[in-house]
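Chemist: Below are the sequence and a predicted model for it; my questions follow.
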Amino acid sequence: MKTANIHSFESMAALDGDGIRYAVFFTGCPLRCAYCHNPDTWFPTENIWTSQSLAEKIYRYKPYFANGGGVTFSGGEPLLNSDFIIETGELLKTQGINYAIDTSGSVVLTDSVKRALDGADLVILDVKFYDAESYKKYTNGIFENFIAVGKYCTERGIRLWLRTVVVPGINDSVEHMKEYARFSKQFSFERYELLGFHTMGFFKYDNLNIENPLKDTKPLDKEKLKELQAYLDACIENQ
């Protein structure tokens, strides 16, 4: 039986896939994004679960999974626990419960990762940047990894949503939206959603006594986010 270090849970989640979701947040992440709002997920906890115990916990929420709802594995980076997801997913599907994966795609595309993706009803892929230089600068990750995950989902016909966090002064212009739209052409996806940078997780940096590289950055204006989303949508539609 596989085990995993889990940070937290969120019941009745409505923004992490279709319908009402039960979100499972794993610890551990290979990235160190400058704008991360959950730095507490970088570090392990003492909250160890087996796939069986987690599946049994989730079974209790099945009555709420209407309109295509189910489980969303998030993090941290959930695909660091691909074997655990495979085993838990098989148990969930005996009860007719689907799972989604909310991922940065920041892992090597191993056979185990492929199997975890294959079993997903939906993959939500975080498109942090469209060029290797910015990706390295702001995440310290490997640019090619998440592209490989997105292309694999496209090739396999796995449902794919794209998401990008828009950060003031970093990627908040229409020129950036043009580039994100152009970059997204290599993937087959159902939607591309922009999320606005916020400061609600700033207290976590203080609690963990780690540096917050964007401590002086203000939240993205909600109206600007709407304008950029409309512009991105138009670019995608017209390309």
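Modeler: Arrived safely.

Chemist: longest strand in the protein, by residue count?
Modeler: Using DSSP state E, we find that the single longest strand of the chain is strand 3-13.

Chemist: Can you name the residues in contact with that strand?
Modeler: With C-beta atoms under 8 Å, 6 or more residues apart in numbering as the test, strand 3-13 has contacts from 20-28, 40-41, 44-45, 47-51, 54, 57, 61, 64, 72, 75-76, 81, 84. In short, each C-beta sits where N, CA and C put it, glycine included.

Chemist: Give the rounded mean pLDDT of stretch 82-91.
Modeler: Here stretch 82-91 scores 98 as its mean pLDDT.

Chemist: sec struct for Tyr22, please.
Modeler: strand (DSSP: H, G, I helix; E, B strand; the rest coil).

Chemist: That one bridge partners, please.
Modeler: Val71 (DSSP bridges).

Chemist: Just the helices from this structure, written as ranges.
Modeler: Assigned by DSSP state H, the helices in the chain fall at 51-59, 82-93, 111-118, 132-139, 143-156, 174-184, 202-208, 222-238.

Chemist: would you list the ones you listed in TSV and tack on distance to Ala100?
Modeler: Output for the helices of the chain, formatted as TSV (distance: least, C-beta to C-beta, whole Å):
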stretch	distance to Ala100
helix 51-59	13
helix 82-93	10
helix 111-118	11
helix 132-139	22
helix 143-156	12
helix 174-184	19
helix 202-208	25
helix 222-238	21
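
Chemist: wait, what's in contact with Gly28?
Modeler: For Gly28, the contacting residues are 5, 41-42, 44, 75-77, 80-81, by C-beta under 8 Å, 6+ apart.

Chemist: Same question for Asp102.
Modeler: 16-17, 23, 72-75, 78, 124, 126.

Chemist: If we use 10 Å, what do you get?
Modeler: Contacts for Asp102 (C-beta atoms under 10 Å, 6 or more residues apart in numbering) come out as 15-17, 21, 23-25, 72-75, 77-78, 122-126, 161, 163.

Chemist: just Thr139 next, same as before
Modeler: 29-36, 104, 106, 126, 128-129, 146.

Chemist: Now list the buried members of those.
Modeler: 29-31, 33-36, 104, 106, 126, 128-129, 146 (16 or more other C-beta atoms under 10 Å).

Chemist: which one of those sits closest to Asp206?
Modeler: Using C-beta to C-beta, Cys36 comes nearest to Asp206 of these, at 14.1 Å.

Chemist: Surely that closest one and Glu77 touch.
Modeler: No: taking contacts as C-beta atoms under 10 Å, Cys36 lies outside contact range of Glu77: 11.4 Å.
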